[in-house]
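S.K.: Below are the sequence and a predicted model; questions follow.
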Amino acid sequence: MHPNGTPVIRVQDLVVAFGDHVVLDHLDLEVQRGEILGLVGGSGSGKSVLLRTIIGLIPKRQGLVEVFGANFDQADDDARRVIERRWGVLFQQGALFSSLTALENVQFPMRENLSLSDRLLREIALAKLAMVGISPRDAGKLPAELSGGMTKRVALARALALDPELVFLDEPTSGLDPISAGEFDDLIGTLQQTLGLTVFMVTHDLETLRTVCDRVAALADGKVVAAGDMATMLRSQHPWMQAYFQGKRAHVLAEQSR
Amino acid sequence: MATLPLLTTTRTADRVWLRASGAWIAPHAARLEELAQAQIGAAAASGAVAIDMSAVEQLDTYGAWLVRRLRAGLQERGRDLEIFGLAHRFRDLQLDVDRIAIDAPPATRRGWSATDVLERVGRSVGGVWDQLIAFVGMMGALALSLLAALRDPRSFRWISAAHQLDRVGWRGVPIILLITFLIGGIISQQGFFHFRKFGADEYVVDMVGILVLREIGVLIVAIMVAGRSGSSYTAELGSMKMREEIDALRTMGLDPVQVLILPRVLALVVALPLLTFIGSMAALYGAGLVAWLYGGMSPDIFIARLKEAISLTHFKVGMIKAPFMALAIGVVAAVEGLKVKGSAESLGLQTTTSVVKSIFLVIVFDGLFAVFFASIGM
């Protein structure tokens, strides 16, 4: 274990643009091992673009992205695969494979990356599903038969299938009722403590930010305009930050953290 | 990196000591399972067991699960068990994993016993009836929409219909031209090759003319359109169904048949006869070209001979069939598209079914028309 050694994710001077439209403009960000980082920003501010650039789905125009100290551009296919095995990704819409059952979805990365016996494969996958609150009875269902919240849970179980060191969560609690969202927050917190996870989370959920995130980074105008704990965020003078954290919906939050 | 996990055994007078060490993590899971199973299997010897976990360097859910399984396995065999020394940072994880209950088996898949197979055969026979009902139902819905459109022409989706006509008609012209041209040429070449043995060269023109105008022209074009446009209708409607777009239309008080299906089917009904005409001409052109280059029959003679051989009736027979085939293709595509369920697999399955069924229906229709035209003497 290397507490506070090299950062797990290091982004320097990152520029991402689609045609003339510059989404990320010389952005810098670091995520330390074992921390839960919440990334906030208005709709269309490029949060998901940043996440997808870090995991290598969107090509960057300029800058450096390092995950686990390795530069993805210079890594060959084998090195990439090793890195990809060490992280898990929860996509916004779940992105479950629609022709596989919930159980098979969770088993898929295990089957591809580890040579396990059928019994262990089944047990571990069921255990992972149980950890996110999916009963064995629902494990045989196809994604089309699952509710929105269950889809998110199964997708999280799949993201955690290989016990990764780092998970990327794209709006994990959006579309969940407050109770489910709260359980989800607890779950992520527990997993972070027990597995020593590093979590990179895009979220709009102020409650999530307050309860589970160690650090918050705010994205505006293609840059990280503020980063720090919630108290720092609430004190920020940036106009967007003021609107976000002092707005009507944030009121309760401000009351609570006072 | 991570050290290999070990489970070493020492025996003392009163108990067996197991010492776990190394990295109990996912990449070693297969090996760990072997170790655990070996210990459970060897547990026939009596006495208490103590497991010392203090030398475990890494532990994740995989390792914790196997610790749980080892313990459960040993306890099942009636051994006194003690586990100690697990590092503090792993304790929560182990507790979490120990708490998980996964007793109930997940739903089992269908088997292959004799009764299952019989049941499936029965269901698919029953399915044929359902398909017929769905086909007739869609025809009825289309007829109602058409009536509504006739009563109020402004309610008809003219722009959508024009767009679909462009897609299935105009954009289909090049490939239809190419295929029918080649088919016409091939029939002509085969005709000359075989008829020449009997000195019946000039009857090749009769054969090509009648065959192309009555059967081949419309059949080839209908099959091409089923593959090209029927499949895309099914895929479009299916993915709209998957993404709840069709439900959204319904809740806005709009009829999906009126908005989506009627313009598409009408576009097909208009386009297919036009394509058939173009295709038949291309086939005759190809046949004439081969007759000239391969059979040594000059274009003048070919045309003169063609004039004698064919009549307007042959042309009519082919053209009358075209709109009916278009209707069959369109209705099948719509029915299959609306049958799509949530998964990508189901979309693929229905698209395939749509193409296979519509080609089958096109050929069945062709046969029925042959009987019909023969009996009315056309």
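M.R.: Alright, I've got the coordinates.
S.K.: What helix or strand is residue A:23 located in?
M.R.: Per DSSP states H and E: residue A:23 is located in strand A:21-31.
S.K.: ok, residues contacting that strand?
M.R.: A:7-17, A:37, A:46, A:49-50, A:53, A:60, A:63, A:198, A:200, A:217, A:219, A:221-224, A:227 (Cβ atoms under 8 Å, 6 or more residues apart in numbering or on different chains). In this view, the C-beta of every residue, glycine as well, is placed from N, C-alpha and C.
S.K.: and those residues, which are buried?
M.R.: A:7-11, A:14-16, A:37, A:46, A:49-50, A:53, A:60, A:63, A:198, A:200, A:217, A:219, A:222-224, A:227 (16 or more other Cβ atoms under 10 Å in any protein chain shown).
S.K.: Can you give me the buried ones in the host helix or strand of residue B:129?
M.R.: Following DSSP H and E, one finds residue B:129 within helix B:114-151. By neighbour count on 16+ other Cβ under 10 Å, the buried set for helix B:114-151 is B:131, B:134, B:135, B:138, B:139, B:141, B:142, B:145, B:146, B:148, B:149.
S.K.: ranges for the strands of chain A?
M.R.: Along chain A, the stretches classed as strands by DSSP state E are A:9-18, A:21-31, A:36-41, A:62-67, A:70-71, A:87-90, A:166-170, A:198-202, A:215-220, A:223-228.
S.K.: Can you give me the buried ones in whichever helix or strand comes after the helix holding residue B:129?
M.R.: Using DSSP H and E, the next helix or strand after helix B:114-151 towards the C-terminus is helix B:158-168. Residues B:160, B:161, B:164, B:165, B:167, B:168 are the ones in helix B:158-168 that count as buried (16+ other Cβ under 10 Å).
S.K.: same thing with stretch B:296-303?
M.R.: Residues B:297, B:302 are the ones in stretch B:296-303 that count as buried (16+ other Cβ under 10 Å).
S.K.: now swap in stretch B:259-271 and tell me
M.R.: Taking 16+ other Cβ under 10 Å as the criterion, stretch B:259-271 shows B:259-271 as buried.
S.K.: count of neighbours near residue 39?
M.R.: All of this is about chain A. Counted by other Cβ atoms under 10 Å in any protein chain shown, the residues lying close to residue A:39 total 27.
S.K.: could you do chain B instead?
M.R.: For residue B:39, the neighbour count with other Cβ under 10 Å is 18.
S.K.: same for the strand or helix carrying it, what does it pack against?
M.R.: Under the criterion of DSSP H and E, residue B:39 resides in helix B:29-41. Packing partners of helix B:29-41 (3 or more Cβ pairs under 8 Å, 6 or more residues apart in numbering or on different chains; DSSP states H and E): helix A:118-131, strand B:6-11, helix B:61-76.
S.K.: Hmm, residue B:148 is touching residue B:155, no?
M.R.: Yes. Look at residue B:148 against residue B:155 with Cβ atoms under 8 Å: they come within range, at 6.2 Å.
S.K.: which neighbours do the two share?
M.R.: Residues touching both residue B:148 and residue B:155 by Cβ under 8 Å, 6+ apart: residue B:258.
S.K.: picking up where we left off before, rank the helices and strands packed on helix B:29-41 by mean pLDDT and give me the bottom one.
M.R.: The minimum mean pLDDT among the helices and strands packed on helix B:29-41 belongs to strand B:6-11 (a mean of 77).
S.K.: Direction included, what does that one pair against?
M.R.: If you go by DSSP bridges, strand B:6-11 pairs up with strand B:15-24 (antiparallel).
S.K.: For the strand it pairs with, buried residues please.
M.R.: B:15, B:16, B:18, B:19, B:20, B:21, B:22, B:23, B:24.
S.K.: what about it, average pLDDT?
M.R.: The model assigns strand B:15-24 a mean pLDDT of 79.
S.K.: Just the CA atoms of that strand, as CSV, please.
M.R.: C-alpha atoms of strand B:15-24 as CSV (Å, rounded to 0.1, in the frame of the first residue of the first chain):
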residue,chain,number,x,y,z
ARG,B,15,-5.5,-30.0,16.6
VAL,B,16,-4.6,-29.2,13.0
TRP,B,17,-3.1,-25.8,12.4
LEU,B,18,-3.6,-24.1,9.1
ARG,B,19,-1.5,-21.1,8.3
ALA,B,20,-2.8,-18.9,5.5
SER,B,21,-0.4,-16.5,3.8
GLY,B,22,0.2,-14.5,0.7
ALA,B,23,-2.3,-12.6,-1.4
TRP,B,24,-5.8,-14.0,-1.2
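S.K.: Tell me what angle that strand forms with helix B:61-76.
M.R.: In terms of direction (axes from the mean of the first three to the mean of the last three Cα atoms, to 10 degrees), strand B:15-24 departs from helix B:61-76 by 170 degrees.
S.K.: which residues sit against strand B:15-24?
M.R.: Contacts of strand B:15-24 with the rest of the structure, by Cβ under 8 Å, 6+ apart, involve B:2-11, B:28, B:32, B:39, B:45, B:47-53, B:55-60, B:62-64, B:66-67, B:80.
S.K.: now stretch A:155-163: how far from the chain's centre is it?
M.R.: The chain centroid and the centroid of stretch A:155-163 are separated by 12 Å under Cα atoms, centre = their mean, to the nearest Å.
S.K.: What ranges in the stretch 51-200 of chain A fall below the confidence cut-off?
M.R.: Within the stretch 51-200 of chain A, no stretch has pLDDT under 70.
S.K.: Can you give me the pLDDT of residue B:104?
M.R.: Per-residue confidence for residue B:104 comes out at a pLDDT of 55.
S.K.: Pull the contacting residues for residue B:231.
M.R.: By Cβ under 8 Å, 6+ apart, residue B:231 lies in contact with B:333, B:351, B:354, B:355.
S.K.: quick one: contacts for whichever residue of chain A sits closest to chain B?
M.R.: Nearest residue of chain A to chain B, counting by Cβ to the nearest Cβ: residue A:144, 2.2 Å away. Residues near residue A:144 by Cβ under 8 Å, 6+ apart: A:98, B:341, B:342, B:343.
S.K.: Next step: the buried residues of stretch B:259-271 restricted to helices.
M.R.: Per DSSP state H, helices hold the following members of the buried residues of stretch B:259-271: B:262, B:263, B:264, B:265, B:266, B:267, B:268, B:269, B:270, B:271.
S.K.: tell me which of those residues is nearest to chain A?
M.R.: Nearest member of those to chain A, counting by Cβ to the nearest Cβ, is residue B:264, at 25.2 Å.
S.K.: and the stretch 1-150 of chain B, which residues reach chain A?
M.R.: B:25-27, B:29-30, B:33, B:60-62, B:65-66, B:69, B:89-90, B:92-93, B:96-97, B:100-107 (Cβ under 8 Å from any Cβ of the partner chain).
S.K.: Apart from its chain neighbours, what residue comes closest to residue 54?
M.R.: If you meant another chain, say so; for now it's chain A. Nearest in space to residue A:54, with sequence neighbours left out and distances taken as Cβ to Cβ, 6 or more residues apart in numbering or on different chains, is residue A:65 at 5.7 Å.
S.K.: not what I meant, chain B
M.R.: Closest to residue B:54 by Cβ to Cβ, 6+ apart is residue B:85, at 3.3 Å.
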